[in-house]
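Q: whatever this is, show me its structure:
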Amino acid sequence: MPLVSCRLCGKLFTSGGPTVCASCLAKLDDLYPKVREFLRDNPKTEFNVETVADVMEEDIRFVQALVDMKYLDRDMETRVESPTNKARERLASELQKSLRDMKDAAAKREAAKDVAASYGQQRHGGNTVKKS
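A: Take a look at the predicted model:
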């Protein structure tokens, strides 16, 4: 695994994926619920990363990292009602229906093969496929 410099504290560590060291990731895990609760408690107030960090007395790098890593969504209530999410839900529903239909069609094809095989076995006796 390559050596990577943590994007928050600068410490070197080995990583195959994330660019945040384990100790900074633990800090982010602790900070996330606090920031999310703060934003939920103040839904009508507009904040930027600097303001949230100042009000919560947290390091701005960690609050910005939560935003950059897409952990925070400021418009949680709006997002639920958005047309984009309705479209996604509709597409997900259509995909599930399509997958169920494909599964049912595959089961019917298998049943048809079984019927054809048993007809051939009845008609011609034994296995219908000759092995070489």
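Q: figure out the helix or strand that residue 86 lives in.
A: Assigned by DSSP states H and E, residue 86 belongs to helix 83-124.
Q: what mean pLDDT does that helix get?
A: Rounded to a whole number, the mean pLDDT of helix 83-124 is 78.
Q: burial of residue 88, as a residue count?
A: Residues near residue 88, counting by other C-beta atoms under 10 Å, number 11. In short, each C-beta sits where N, CA and C put it, glycine included.
Q: quick check: it vs residue 102, distance?
A: Going from residue 88 to residue 102 by C-beta to C-beta, to the nearest Å gives 21 Å.
Q: same question for residue 89.
A: 20 Å.
Q: check residue 8 too.
A: Distance from residue 8 to residue 102, by C-beta to C-beta: 45 Å.
Q: look at these two and report which has more neighbours.
A: Higher neighbour count among residue 8 and residue 102: residue 8, with 19 against 10, using other C-beta under 10 Å.
Q: mind checking which helix or strand the residue nearest to that one when sequence neighbours are not counted is in?
A: Closest residue to residue 8 in three dimensions, ignoring its sequence neighbours and counting by C-beta to C-beta, 6 or more residues apart in numbering: residue 24, at 4.3 Å. Element membership for residue 24 (DSSP H and E) is helix 22-41.
Q: in the helix or strand following that helix, what counts as buried?
A: Sequence-wise, the next helix or strand downstream of helix 22-41 (DSSP H and E) is helix 49-56. Under the neighbour-count criterion of 16 or more other C-beta atoms under 10 Å, helix 49-56 has 49, 52, 53 buried.
Q: now for helix 49-56, which elements pack on it?
A: Helix 49-56 sits against helix 22-41, helix 60-68, with contacts defined as 3 or more C-beta pairs under 8 Å, 6 or more residues apart in numbering; DSSP states H and E.
Q: to residue 110, which of those helices lies closest?
A: Taking C-beta to C-beta, helix 22-41 is the member of the helices and strands packed on helix 49-56 nearest to residue 110, at 47.1 Å.
Q: I would like the residues contacting the closest one, please.
A: Outside helix 22-41, the residues within contact range by C-beta atoms under 8 Å, 6 or more residues apart in numbering are 6, 8-9, 11, 13, 18, 20, 47, 52, 55-56, 58, 62-63, 65-66, 69, 71-72, 74, 76.
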